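Trainee: Sequence below, structure please.
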Amino acid sequence: MSDAYIALADGRVLEARSRAPGRTRGELVFTTAYTGYEESLTDPSYAEQILTFSYPLIGNYGVRAERFESDSVQPRAAVARELTDDVADWLATEGVPAVDHV
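Mentor: Here you go, the predicted model:
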């Protein structure tokens with residue numbers, strides 16, 4: 001069941017599951033890191049972008065502020081194969097849209 005969508009510039013629309021509500025637009029970029037999702041999500045170099053994770057499970061070791069690169073989540077949105085509830089709740093609290101099961 002899809003309740004979120006990613007619309008690409010070439011007209012394709014991908015169905016997904018909403019994990020943190022919201023609407024945004026931006027450049028879709030990706031990271032191939034298999035650890036450090038907290039660092040990636042708080043890395044200022046991802047500001048104004050939509051961060052896609054290539055690793056299939058994001059959040060398997062929780063969310064700890066001591067791993068943050070800055071004081072807030074920097075990307076405009078997050079996309080993953082699967083986000084844990086901890087990460088989804090954190091992103092929702094930060095007001096950052098997130099989807100998984102793309």
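
Trainee: make it CA atoms for all contacts and neighbour counts henceforth
Mentor: Noted.

Trainee: Where does pLDDT dip in the chain?
Mentor: For the chain, applying pLDDT under 70 flags the ranges 1-2.

Trainee: which SS state does the residue most central in space within it fall under?
Mentor: Nearest to the mean C-alpha position of the chain, by CA atoms, centre = their mean, lies residue 78 at 1.6 Å. Look at residue 78: counting by DSSP: H, G, I helix; E, B strand; the rest coil, its state is strand.

Trainee: wait, doesn't it sit right on residue 48?
Mentor: No - taking CA atoms under 8 Å as the definition, residue 78 is not a contact partner of residue 48, at 11.4 Å.

Trainee: Which strand or helix spans residue 86?
Mentor: helix 85-94 (DSSP states H and E).

Trainee: that older thread, residues in contact with the residue nearest to the centre of the chain?
Mentor: Residue 78 makes contact with 50, 51, 52, 53, 96, 97, 98, 99 under the criterion CA atoms under 8 Å, 6 or more residues apart in numbering.

Trainee: Pick out the one among those with the largest number of neighbours.
Mentor: In terms of neighbours by other CA atoms under 10 Å, the contacts of residue 78 top out with residue 98 at 28 neighbours.
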